[in-house]
Structures are given as C-alpha cells and as structure tokens.
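In: structure of the sequence below:
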Amino acid sequence: MVWKKQIKTIFSEKYIKMDFTFQVLKNIRGIFNRIIEENSSEVLNKIPSGFNNNIIWNIGHVVVSEQLLAYKLSGLETNLSETMINKYKKDSKPEGIVSEEEVHEIKSLLLATVERTKQDYEKGVFKSYNTYTVSTTGNTLNNIDEALHFILAHEGIHYGYVLALLKAIKN
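Out: Presented below is the predicted three-dimensional model:
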C-alpha cells in the first residue's frame, strides 16, 4: 500500500511542476490575445520592411506549433483543421491578408488549445512520443514534458518577434 502512495505522490509532484509551465503558457497566450484586441487587422497583417512575416502569422504559428509538438508527435489528433495547420506550420509564410473571421478563430484558439492540452496532460493522454529534433535550437524532444518546455521557449521567441514587429510598424 505504501508504494501506491509513493507513486501517487510522484505523479502529483510532476503535475505541480508542469502547472507552472502551463501557467506561463496561458500568460503568454493572454498577451497575444491582448495584442489582437488592441490592434487593427491592418496592423496584424502588415509585414514591415526587413521582416518576412506578420503579427497574426506569428500568433497563428504558436497555436499550430503547440498542437503539432504536443499532439501530433504523441501520435494523437490535433485540435485544429488541416487548413490552419498548413497555413501556420513551420516553413510556411503569410500568403495574403488574414480575414477578420480567421483572426477571431486564432484568438479563440489561443487559450482554448493550451487549456485542452493541460487537461489532456493531467488525464495522462500523452502516453508515447515520437522523438523530434527542433531546428530552432537543435534540441531533441523525447517526451511530452520536454515538448512542453520547448513550446514555452518557442512561444517566448515568437513573443519577442511580435514585439519587434509592433515596434517596426508603429515607428
């Protein structure tokens, strides 16, 4: 009976440690949400000189990347359409103006997807993981925990990029 209590404690500690990761992800997603709310479609879609993408592409990209890195590499279905995945996945680029309707869809997915991932993580849905080496840092992801840590870093990178875009657009 003691070993069952020890296993339960280990799992509880794991979830508590990952709770901080999910908390930071939600905060970053909240910032992206405010950026969408506080800027016009024109600003969100603008590609300033010297840049190769725009604010809304970066925000769509983090939503898609989180789903691919967490779900697809775990052998699970993502919570996104193939159209959205193809439009915002790695090595894609903006191909025209993103409509208000699509901006609203991206905005609605920001918190919903990370909340769903947190719930699925707590339920133990992520049982297996296909090892993947990320091009950004060269690190190899071996399990869902490593993927979530990388997702956090990846979103921070794109947050910085969005801030640079905002500065370039508004100056």
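
In: okay, now the unreliable bits of this structure?
Out: 1-16 (pLDDT under 70).

In: can you give me the helices in it?
Out: Ranges of helices within the chain are 2-38, 41-45, 55-70, 82-88, 100-123, 144-170, based on DSSP state H.

In: what residues sit buried inside the fourth one?
Out: Of the residues in helix 82-88, those buried under the neighbour-count criterion (16 or more other Cβ atoms under 10 Å) are 84-85, 87-88. Heads up, the C-betas are built off the backbone N, CA and C, glycines and all.

In: I'd like those residues laid out as JSON lines, including distance to Ser135.
Out: Formatted as JSON lines, the entries for these read as follows, by distance: Cβ to Cβ, whole Å:
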{"residue": "Met84", "distance to Ser135": "21"}
{"residue": "Ile85", "distance to Ser135": "17"}
{"residue": "Lys87", "distance to Ser135": "19"}
{"residue": "Tyr88", "distance to Ser135": "16"}
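
In: from these, which is closest to Asn143?
Out: Using Cβ to Cβ, Ile85 is the member of the buried residues of helix 82-88 that lies nearest Asn143, at 22.2 Å.

In: can you get me a residue count around the residue nearest to that closest one when sequence neighbours are not counted?
Out: Closest residue in space to Ile85, ignoring its immediate chain neighbours: Val64 at 5.4 Å, by Cβ to Cβ, 6 or more residues apart in numbering. As a burial measure, the neighbour count of Val64 was computed by other Cβ atoms under 10 Å and equals 24.

In: surely Val64 meets Glu82?
Out: No. With contact defined as Cβ atoms under 8 Å, Val64 and Glu82 do not form a contacting pair (10.7 Å).

In: re the thing from before, can you tell me which of the helices of the chain is most buried?
Out: Mean neighbours per residue, mean count of other Cβ atoms under 10 Å, is largest over these for helix 55-70, with a mean of 25.

In: returning to that earlier point: from the buried residues of helix 82-88, which is closest to Pro48?
Out: Within those, proximity to Pro48 (Cβ to Cβ) peaks at Tyr88, which comes in at 19.3 Å.

In: could you check how far that closest one is from His154?
Out: For Tyr88, the distance to His154 equals 13 Å [Cβ to Cβ, to the nearest Å].

In: quick one: closest of the helices of the chain to Val134.
Out: Ranking the helices of the chain by distance to Val134, with Cβ to Cβ as the measure, places helix 144-170 first at 6.1 Å.

In: excluding sequence neighbours, find me the nearest residue to Ala95.
Out: Careful, residue 95 is Glu; it's not Ala. Leaving out its chain neighbours, Glu95 is closest to Lys87 (Cβ to Cβ, 6+ apart), at 7.5 Å.

In: just to revisit the earlier point, is it possible to get a markdown table of the helices of the chain that adds distance to Asn130?
Out: Listed next are the helices of the chain as a markdown table, based on distance: least, Cβ to Cβ, whole Å:
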| stretch | distance to Asn130 |
| --- | --- |
| helix 2-38 | 20 |
| helix 41-45 | 33 |
| helix 55-70 | 11 |
| helix 82-88 | 16 |
| helix 100-123 | 17 |
| helix 144-170 | 10 |
